[in-house]
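> 3D, please:
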Amino acid sequence: MVKPRLKQYGKKQRVTYRIIAIDIHSRREGRAIEEVGSYNPRRGQTQLDLLAIAALLKQGAQSTATVRDILKRAKVLE
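Sure thing, here's the model as predicted:
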């Protein structure tokens, strides 16, 4: 099963995240199937590939709680 989740990048105290589609049995920093967005909590910036996210969710992917909150703030899950 594929799940959209966050992949951590950057230094300590300066972390940014990429929103990726990854197999649920892979580790957080494992090889991603597809990158569908990015999130910078320090600046509050979010970039999303809406078509790719919609395709994943239609195929039955269930996002993690954090990614779900990011998508709700971006008004994708309405």
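
> which residue packs closest to the residue nearest the centre of the chain, ignoring adjacent ones?
Closest to where the C-alpha atoms of the chain average out (CA atoms, centre = their mean) is Ile19, at 2.4 Å. Excluding its sequence neighbours, the residue lying closest to Ile19 (CB to CB, 6 or more residues apart in numbering) is Gly37, at 3.9 Å. Every residue, glycine included, has its C-beta placed from N, CA and C.

> ok so, going back, check contacts around the residue nearest to the centre of the chain.
Pro4, Arg5, Leu6, Lys7, Glu35, Val36, Gly37, Ser38, Tyr39, Leu48, Val67, Ile70 (CB atoms under 8 Å, 6 or more residues apart in numbering).

> most neighbours, which of those?
The residue in those with the most neighbours, by other CB atoms under 10 Å, is Pro4 (24 neighbours).

> partner residues bridging that residue?
Assessed by DSSP bridges, Pro4 has beta-bridge partners Ala21.

> So for the helix or strand hosting Thr66, what gets flagged as buried?
Assessed by DSSP states H and E, Thr66 sits inside helix 65-73. Of the residues in helix 65-73, Val67, Ile70, Leu71 count as buried by neighbour count, 16 or more other CB atoms under 10 Å.

> got the contacts of Ile19 as TSV, with pLDDT columns?
Output for the contacts of Ile19, formatted as TSV (pLDDT from 0 to 100):
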residue	pLDDT
Pro4	92
Arg5	92
Leu6	91
Lys7	91
Glu35	93
Val36	93
Gly37	94
Ser38	95
Tyr39	94
Leu48	93
Val67	92
Ile70	92
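
> hang on, Ser63 is in a strand, isn't it?
No. Read with DSSP: H, G, I helix; E, B strand; the rest coil, Ser63 is coil and lies in no strand.

> Understood, closing this out.
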